[in-house]
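>>> Provide a 3D model corresponding to the input given below.
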Amino acid sequence: MAESEELIVLEPHASGRRYLRELWNYRELFLVLAQRDIQVRYKHAFFGVAWALVRPLTTTLVFAFAFGQIAQLPSQGVPYPLFVLAGALPWQLFSSSLTEGGNSVIANSHIVSKTYFPRLIVPASTLLVSLLDFAISLFVLLGTMLWYRVPFTPRMSLAPLFVGLTLLVSLGASLWISALNVRYRDVRHVVPFLVQFGLFVSPVGYGSGVVPAWLQTVYRFNPLVAPIDGMRWCLFGIAPRSFQVSLTTSLVAGGALLVTGYLYFRKTETTFADVI
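Just a heads-up that it's a prediction; the model follows:
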């Protein structure tokens, strides 16, 4: 007589603490997905890692010409190409994370529909790919700083804090977009528009100081304002007068984006396998 087989059912934990523990237990899957995405991005690309250098350079050249040469906007004593580049890197980190993370669940539908694991791992793993692009782009920034003979100071050691803030904002936005994208497939068409719009409402090609006073209150709620201004402060020691207020507001907005994105993702992830 054949022995009865044991049926193992994998189900998500409702408890937030147990869910976080489960995320840690699946950390190897997180690394495997990130490693796969990195290989896919660079292995069959003709220019390879050069793409990570071309994007910030292109943005820097276009914005330096448009805002620096034509509009003659102030850069607070910093060479305009360097001023733009310092803002472009955090923005590229966010936009890349949002684009890749927003499509991550759909792109991994063959895994999501077959077995259970904490789905949050999927959009979170894309952050490592974007972070690698950011690290490669740093060589362009460092080379430009050497070219303009910008002195290195201990204040620059605080830059990772603002990179971490950018990652938290990116994760919150990615959780929202990836969850919405499963249920509403036309969301993927909205993301490029949001990225393009966000580029101009974030202080990438200009400083926050040029924003009119009557718009400052609303403008500070852009969670990317503080990371970009903070990066420039770390590198060059420049910051708008309202930087502390902007930092507090961005922290609140970014924290709200992360918390609500996490809650919405957790609420909908149990239906991913059925809807996808």
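>>> contacting residues around the residue nearest to the spatial centre of the chain?
The C-alpha lying nearest the average C-alpha coordinate of the chain belongs to Phe94 (Cα atoms, centre = their mean; 2.6 Å). By Cβ atoms under 8 Å, 6 or more residues apart in numbering, the contact set of Phe94 is Thr166, Val169, Ser170, Ala173, Gly198, Leu224. (Each C-beta comes from the backbone N, C-alpha and C, glycine too.)
>>> and the fourth one, how many residues sit next to it?
Put plainly, it is Ala173. 26 (other Cβ atoms under 10 Å).
>>> pretty sure it contacts Ser96?
No: using Cβ atoms under 8 Å, Ala173 makes no contact with Ser96, being 11.7 Å away.
>>> Leu53 is in what secondary structure piece?
helix 50-63 (DSSP states H and E).
>>> give me the residues contacting that helix.
The contact list for helix 50-63 (Cβ under 8 Å, 6+ apart) reads 45, 47, 81, 84-85, 88-89, 91-92, 132-134, 136-137, 139-141, 204-205.
>>> in strands, which of those appear?
Among the contacts of helix 50-63, no member falls in strands (DSSP state E).
>>> now list the buried members of these.
The neighbour count (16 or more other Cβ atoms under 10 Å) marks 81, 84-85, 88-89, 91-92, 132-134, 136-137, 140-141, 204-205 as buried among the contacts of helix 50-63.
>>> ok now stretch 169-183, how far from the chain's centre?
Remark: stretch 169-183 is offset 11 Å from the chain centroid, using Cα atoms, centre = their mean, to the nearest Å.
>>> before we move on, back to that, what mean pLDDT does the helix holding Leu53 have?
With pLDDT averaged residue by residue, helix 50-63 scores 80.
>>> ok, stretch 265-276 next?
The model assigns stretch 265-276 a mean pLDDT of 85.
>>> try stretch 99-111
89.
>>> how about stretch 237-247?
Stretch 237-247 comes out at a mean pLDDT of 86.
>>> can you pull the buried residues of that stretch?
Here stretch 237-247 shows Ile238, Ala239, Pro240, Ser242, Phe243, Ser246, Leu247 as buried, counting by 16+ other Cβ under 10 Å.
>>> helices of this structure, start to end?
16-25, 27-43, 50-63, 80-102, 104-107, 109-112, 121-147, 159-183, 187-201, 213-219, 225-236, 243-268, 272-275 (DSSP state H).
>>> still on that earlier bit, give me the pLDDT for the residue nearest to the centre of the chain.
On the pLDDT scale, Phe94 gets 95.
>>> what's the closest non-adjacent residue to it?
Take Phe94 and drop its neighbours on the chain: the residue closest to it by Cβ to Cβ, 6 or more residues apart in numbering is Ser170, 4.9 Å away.
>>> so who does the one you found touch?
Contacts of Ser170 (Cβ under 8 Å, 6+ apart): Leu93, Phe94, Ser97, Leu98, Gly101, Leu127, Ser130.
>>> would you check how far apart the second one and Phe152 are?
If I follow you right, that is Phe94. As judged by Cβ to Cβ, to the nearest Å, Phe94 and Phe152 stand 25 Å apart.
>>> nearest residue to Leu257 other than its sequence neighbours?
Gly172 (3.7 Å).
>>> so that neighbour sits against Gly261, correct?
Yes: because the distance of 4.1 Å satisfies Cβ under 8 Å, Gly172 is recorded as touching Gly261.
>>> hmm, back to that, so what's the residue count around the residue nearest to Leu257?
Residues near Gly172, counting by other Cβ under 10 Å: 23.
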